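Trainee: what follows is a predicted protein model with its sequence.
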Amino acid sequence: MPRQKEGEAETLRFDVAKPLADYLSLLAKNSILGVTANDVARVLLINEVQRLIDSGYHAKDVPRIED
């Protein structure tokens, strides 16, 4: 489970494409990731961000794209 300091939280709100929302709803009905599409999205987002943090992704150089 991702690490979170007790008492610290921030609310995020965002829109997703209908097919993604539908898939999150499908996962909510057919998996143990969460009861609602929002619950599932939260779990997936937190897990992916924690994976990026753990892998040191933020410390990697991103190549500059020249126009």
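Mentor: Happy to help now that I have it.

Trainee: mind checking how far residue 56 is from residue 64?
Mentor: As for residue 56, its distance to residue 64 is 20 Å (criterion: C-beta to C-beta, to the nearest Å). For the C-beta atoms, the positions are set from N, CA and C on the backbone; glycine is no exception.

Trainee: what about the two, which has more around it?
Mentor: residue 56 (8 against 5; other C-beta atoms under 10 Å).

Trainee: how confident is the prediction for the more buried one, by pLDDT?
Mentor: If you check residue 56, the pLDDT there is 88.

Trainee: next: residue 2.
Mentor: pLDDT, residue 2: 55.

Trainee: number the residues from 739 up from this point.
Mentor: Got it, the first residue is 739 from now on, which makes the last one we talked about residue 740.

Trainee: ends of stretch 768-778, how far apart?
Mentor: In stretch 768-778, first residue to last residue: 11 Å (C-alpha to C-alpha, to the nearest Å).

Trainee: lowest average confidence, helix or strand, in this structure?
Mentor: Here the helix or strand of the chain ranked lowest by mean pLDDT, DSSP states H and E is helix 775-792, holding a mean of 94.

Trainee: what lies in contact with that helix?
Mentor: The contact list for helix 775-792, computed with C-beta atoms under 8 Å, 6 or more residues apart in numbering, reads 740-741, 754, 759, 762-763, 765-766, 769, 771-772, 796.

Trainee: can you list the buried residues in that helix?
Mentor: Residues of helix 775-792 classed as buried: 775, 778-779, 781 (neighbour count, 16 or more other C-beta atoms under 10 Å).

Trainee: among those residues, give me the pair with the biggest separation.
Mentor: Using C-beta to C-beta, the buried residues of helix 775-792 span at most 11.0 Å, a distance reached by 775 and 781.

Trainee: please report the distance of residue 799 from residue 759.
Mentor: Per C-beta to C-beta, residue 799 is found 35 Å from residue 759.

Trainee: go on, residue 794?
Mentor: 32 Å.

Trainee: try residue 788
Mentor: Computed as C-beta to C-beta, the residue 788 to residue 759 distance reads 23 Å.

Trainee: go on, residue 753?
Mentor: With distances taken as C-beta to C-beta, residue 753 is found 9 Å from residue 759.
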